[in-house]
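Chemist: Here is the input, now give the coordinates:
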Amino acid sequence: MGEKKPKKKRQVRNKTKDVLADYYRTNMEYDRENRRRQEEEGVKPKGLKNLNSTEKTYVIVIVLALIGIVIKYVIL
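Modeler: Model prediction:
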């Protein structure tokens, strides 16, 4: 009788991954350009001003986690 053709698997695209990767690459290029301009102008940022947005986010998350640990184990 009739032979069945094997179905082709549809290749799934992870659009969220593509969007996040594009955002990350764009942000990195912008950050490099911004740091290069600052170095050319001789601007020396101090403290947390020298961190990029990702590094600032990491610092905020760590500080909030430490505050949570202190509240959990010391106060309560």
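Chemist: so who does the residue nearest the centre of the chain touch?
Modeler: Geometric centre of the chain, nearest residue: residue 54, 5.5 Å, by CA atoms, centre = their mean. Shown in contact with residue 54 (CB atoms under 8 Å, 6 or more residues apart in numbering): residue 27. The way it works is simple: take the backbone N, C-alpha and C, and place the C-beta from them, glycine included.
Chemist: Tell me how far it lies from residue 43.
Modeler: Counting by CB to CB, to the nearest Å, the gap between residue 54 and residue 43 amounts to 20 Å.
Chemist: I'd like the next helix or strand past the longest helix anywhere in the chain.
Modeler: If you go by DSSP state H, the chain has its longest helix at helix 15-41. The helix or strand immediately downstream of helix 15-41 is helix 53-70, counting by DSSP states H and E.
Chemist: how far out from the middle of the chain is that next one?
Modeler: The chain centre lies 14 Å from the centre of helix 53-70; the measure is CA atoms, centre = their mean, to the nearest Å.
Chemist: With stretch 24-39 instead?
Modeler: Computed by CA atoms, centre = their mean, the chain-centroid distance of stretch 24-39 equals 14 Å.
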